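Novice: sequence and predicted structure, then a few things I'm wondering about:
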Amino acid sequence: MSYNLTHLEQLEAESIHIMREVVAEFDRPVMLYSVGKDSSVMVRLAQKAFAPGRIPFPLLHVDTGYKFREMYEFRDRFCREIGAELVVDRNEEAIAQGANPFELGTTRCCGLLKTQALLQALRRGNYDAAFGGARRDEEKSRAKERVYSFRDRFGQWDPKNQRPELWNLYNGHHAPGENIRVFPLSNWTELDVWLYIYKEQIPIVPMYFAREREVVVRGEQLIPLDGEARILPGETPEKVMCRFRTLGCSPCTGAVRSQADTMEKILEELMVARHSERITRVIDHDRDGSMELKKREGYF
Amino acid sequence: MAVEDAPSGLAAAELLRRHDGADLLRFLTCGSVDDGKSTLIGRLLHDSRTVYEDQLAALEKDSRRVGSAGGAIDFSLLLDGLKDEREQGITIDVAYRYFSTPRRKFIIADCPGHEQYTRNMVTGASTANLAVVLVDARAGVLPQTRRHSFIASLLDIGHIVVAVNKMDLVDWSQSRFEEIRAEYVRFATRLQVRNVHFVPMSALHGDNVVEPSSNMPWYRGMPLLDHLETVHIASDRNLIDLRFPVQLALRQDMSFRGYAGTLASGILRPGAEVMVLPSRQRTRIRSVVTWAGELEQAFPPMAVTVTTSDELDIGRGDMLVHPQNQPRVGQELDAVLVWMSETPLDPQRTYRIKHTSREAHAEVAEVRYRFDVNTLHRLQAETLALNEIGRVRVQTSRPLAFDPYRRNRATGSFILIDPVTNATVAAGMITDRETDDTGEVSDGGAPGRRRRGAGKPQVKRRASRVSPAERAERLGQQPVTLWLTGLPRSGKSTIAYALERRLFDSGYLAQVLDGENLRLGLSDNLGFDAPERRENVRRAAHVARLGNEAGIITIVALVSPAQPDRDAAREIIGAERFFEVHVATPVEVCEERDDEGLYRRARSGEIASFTGVSAPYEAPRSPALVLDTTRLPVADSVARLIELLAARGALRR
């Protein structure tokens, strides 16, 4: 008996520890559920953390109304099957005023439909801790984020004044109105997430698997036409074998050329991947340091 | 080759096996500002192919625009994530990086170098198994090098790699490398680091980072990455002391009640008897439950849920331990504190302490001294300001179950939280109470008794003009106390006197403090109830301490039945020179050996408070040695004790 845990088992144990700390120390935790693969992994970890009991907090989906149809279908089925409490919240005011990325640009559209919507939803639910699936390997400014990320009453992150975070002793103390974003997957990489999904056979949205889709090629992005994306003058739809590495809003999420139509093939593809996953997110490329700016304002 | 080639078409099962079988090494990188830390990490990521093409393209663009490598790729830009940092060219906060090889997954905590960010470095160091300390080959060992190494040793990082960088700028000179190595070793002998390794390299050119250097054929060791892949860390874990802090009680319907937590140390098995601290109730582990099913055993750092065979009141903050191996439980602890707030430590204030899963109020009752982190000198201090590190005594509103940090990171660490701002203001590492450099023992003895003499204005401690080192030199021995505890007639005195004879014959100087002899003189005014037994132990401890201060190895043979009394003796004598030895003879055997009829008279009630019959005996919870006299002849017991003394460096001849 070697008494050694593999790296995935160590990551799993760390994440479970974090979730249990939050449930023990906060009054109203919630898990932000984005329907993506990282959310699927977080939900499985929560099931493990509280087994044989049920997940002791709701899943909150901050919806923009622009997600892919397959995402909504998956979300409703998945939550029903595991018996989780699902809360869906949207910035109805902005949606009623017709907020969309075509006229507002992605920065303002995200600001209204994601950042504002999230802050409203957290306030409405009176949640004092919100789990998010963000990982430090995703993007430069995320590399510095704590596991417990303190937010003031306006939901803002102050990257230069973060609480020191030592050992596994997390400090969840906060004043009323303030809250903590908690990132139990902080130390996971994209490959770790996929390995875990494969090993644990965790259900994910079928969009992650390659199939022939109707898209337009826009720069380096493949824009799928089964959502809300619009064809620009001069573009012609074509059928391309492709898949999604991340799932976002349909007008702003690109697919990548891929033949990976099974888990095994996705893993193989990742081993030789030469591009980071967020390259398919239009929003990350808006401005230098754009993710940090969004996060300071309250984006996840 | 260390870096992974991922041939396409490799079966997923094979990839999974490779990656899933890998273990995890967390390391931090530190060093002076311009030692090339970011360049080194960038090089590790790049050469291990963790940098994606789009990131590389962005990096090339940034390098041309703001880079400091003259248009060539500036790897440091890959790392400094916050806008301010990129613009100021410094690293403010810890950034975490990830890369992997088929052997290991790595988490790098990239720590800032400036003294003003000491707290950030401590943050990064708290979870690390290994530290890479960068040294600029031109500059050699700088104050920052010493400070970072000191912090790494305080945080008990067992493995340090000194990366002597920029060797290209000293013409790949072996003599320069050896000079730096010698200088570092001279300094590091004062630190408690188990394993120091030196690598000459050029991060800029990639020499000895991932690939061996052809510029330094005189270096026969491994490149940095090979060392990181193979350094043995599994034995750094504590599998001996069972410590299971309960995070929360889980209930499901009426049918299930379990206790969830992360195993801090030791092995947990169904059927094991456990004690709940601080209540000291006992029960057995009924099952170890996970989502995947029940386990035969759990080991650290597994996150599990346990059920017990009795319905006890167990909740968050309690700790399950083996009854025969307990941590200290108390409301007062000695610790090294790193102050992390702009507002200095206020000894009048009440803070919150978070220790394992338990919170309490805490006051810093005393700042004993602070360290000059550059020279390691001890300075007098009343308080601690931002980034200062000192030795303190902390008092808590609730009892905590704790171990020394060096024995157990998880149960030896804590944080202090400001109750008004809610900020984390300090990191604490619990220490044994020990003698300091002058041979002076810190506050010992039971509370209330401690300052009886100190409070009297006419009493002042006088210092000897002969140092402990001089005595050790003359006598050829390091004075320690062997504290033999056990039931009456268990064989303590016989072993003690045999050992004394053996030591004397070998040229050492030892003395025996025998319990019965003490009762005939020094303690002839004491009885046998608990308070008077405690006083008897206290007197014996002070005599042992005086003996040790005179350079004499002292062997105490005393029933001393209460663990707290022996703990007090440990504090009086000094933890590093106190060895508790359990002479573990079963009561039946002791009774058989008893030719004076003491046990018979105790059983008839003629002798009151007789240990083993009418008064309890608490076996040592973590003895340095257990002697089973039913199996060991006296000579073998003596040999075991000699081995113990030799192993702890007491015998120098």
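Specialist: Received, thanks.
Novice: tell me how chain A divides into domains.
Specialist: Listed by automatic domain parsing, the domain ranges of chain A are A:7-196+A:289-297, A:205-285.
Novice: give the rounded mean pLDDT of the last one.
Specialist: Along domain A:205-285, the predicted local confidence has a mean pLDDT of 80.
Novice: just put the domains of chain A in TSV and tack on mean neighbour count.
Specialist: (Glycine included, C-beta is placed from N, CA and C.) Compiled in TSV, the domains of chain A are given as follows (neighbours: other Cβ atoms under 10 Å in any protein chain shown):
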stretch	mean neighbour count
domain A:7-196+A:289-297	20
domain A:205-285	18
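Novice: comparing those domains, which yields the minimum mean pLDDT?
Specialist: Least confident of these, judged by mean pLDDT, is domain A:205-285 with a mean of 80.
Novice: looking at chain A, which helix is longest?
Specialist: For chain A, the helix reaching the highest residue count under DSSP state H is reported as helix A:7-25.
Novice: what's that helix packed up against?
Specialist: helix A:37-50, strand A:129-131, strand A:179-182, helix A:190-200, strand B:23-31, strand B:248-252, strand B:256-262, strand B:303-308 (3 or more Cβ pairs under 8 Å, 6 or more residues apart in numbering or on different chains; DSSP states H and E).
Novice: right, is whichever helix or strand comes after that helix up against chain B?
Specialist: Sequence-wise, the next helix or strand downstream of helix A:7-25 (DSSP states H and E) is strand A:29-32. No - Strand A:29-32 lies out of reach of chain B by Cβ under 8 Å from any Cβ of the partner chain, never closer than 12.3 Å.
Novice: got a list of contacts for strand A:29-32?
Specialist: A:22-23, A:39, A:42-43, A:46, A:55-62, A:87, A:118, A:122, A:125, A:127-133, A:182, A:300 (Cβ atoms under 8 Å, 6 or more residues apart in numbering or on different chains).
Novice: quickly run through the sheet partners of it, with directions.
Specialist: Here strand A:29-32 is paired, per DSSP bridges, with strand A:59-62 (parallel), strand A:129-131 (parallel).
Novice: tabulate these (TSV), appending distance to A:Thr262.
Specialist: Output for the strands paired with strand A:29-32, formatted as TSV (distance: least, Cβ to Cβ, whole Å):
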stretch	distance to A:Thr262
strand A:59-62	27
strand A:129-131	29
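Novice: bridging residues for B:Val289?
Specialist: B:Glu294, B:Thr305.
Novice: which residues touch it?
Specialist: Here B:Val289 is in contact with A:Ala51, A:Pro52, B:Gly258, B:Leu295, B:Val304, B:Thr305, B:Val306, B:Thr307 (Cβ under 8 Å, 6+ apart).
Novice: how much space between the third one and chain A?
Specialist: For B:Gly258, the distance to chain A (Cβ to the nearest Cβ, to the nearest Å) stands at 8 Å.
Novice: what's the answer for the fifth one, then?
Specialist: B:Val304 is 9 Å from chain A, where distance means Cβ to the nearest Cβ.
Novice: leaving out sequence neighbours, find the closest residue to that residue.
Specialist: Among residues not flanking B:Val304 along the chain, B:Ala298 sits closest, at 4.7 Å (Cβ to Cβ, 6 or more residues apart in numbering or on different chains).
Novice: which strand residues bridge the one you found?
Specialist: B:Leu268.
Novice: tell me the pLDDT of it.
Specialist: 95.
Novice: might one say that it is in contact with B:Thr262?
Specialist: No - in this structure B:Ala298 lies outside contact range of B:Thr262 using Cβ atoms under 8 Å: 9.8 Å.
Novice: one step back: ok, now which ones touch the residue nearest to B:Val304?
Specialist: B:Leu263, B:Ile267, B:Leu268, B:Arg269, B:Val288, B:Val304.
Novice: again, only using 6 Å
Specialist: B:Leu263, B:Leu268, B:Val288, B:Val304 (Cβ atoms under 6 Å, 6 or more residues apart in numbering or on different chains).
Novice: close to chain A: what parts of the stretch 401-550 of chain B are there?
Specialist: Neighbours of chain A within the stretch 401-550 of chain B, by Cβ under 6 Å from any Cβ of the partner chain: B:Ser413, B:Ile415, B:Ile417, B:Asn422, B:Ala423, B:Thr424, B:Ala427.
Novice: report the two of the residues you listed separated the most.
Specialist: Farthest pair in those (Cβ to Cβ) is B:Ser413 and B:Asn422. Separation: 19.5 Å.
Novice: just the helices in chain A please.
Specialist: A:7-25, A:37-50, A:69-82, A:92-96, A:101-110, A:117-125, A:190-200, A:263-271, A:290-297.
Novice: nearest to B:Leu520, of these?
Specialist: Closest to B:Leu520 of those, according to Cβ to Cβ: helix A:7-25, at 56.6 Å.
Novice: ok and the closest one relative to helix A:190-200, angle-wise?
Specialist: 90 degrees (axes from the mean of the first three to the mean of the last three Cα atoms, to 10 degrees).
Novice: gap between helix A:7-25 and the chain center?
Specialist: 18 Å (Cα atoms, centre = their mean, to the nearest Å).
Novice: just stretch B:94-113 next, same as before
Specialist: Stretch B:94-113 has its C-alpha centroid displaced from the chain centroid by 23 Å (Cα atoms, centre = their mean).
Novice: end-to-end on it?
Specialist: 10 Å (Cα to Cα, to the nearest Å).
Novice: and stretch B:646-653, average pLDDT?
Specialist: pLDDT averaged over stretch B:646-653 gives 83.
Novice: please identify the buried residues of it?
Specialist: For stretch B:646-653, burial by neighbour count (16 or more other Cβ atoms under 10 Å in any protein chain shown) applies to B:Ala650, B:Leu651.
Novice: isn't B:Arg97 up against B:Ile107?
Specialist: No - contact criterion Cβ atoms under 6 Å: B:Arg97 and B:Ile107 do not qualify, at 7.4 Å.
Novice: neighbour count: the two, which is higher?
Specialist: B:Ile107 (25 against 21; other Cβ atoms under 10 Å in any protein chain shown).
Novice: tell me the SS of that one?
Specialist: Under the three-state scheme (DSSP: H, G, I helix; E, B strand; the rest coil), B:Ile107 adopts strand.
Novice: now it: closest residue in space that isn't a chain neighbour?
Specialist: B:Arg26 (4.5 Å).
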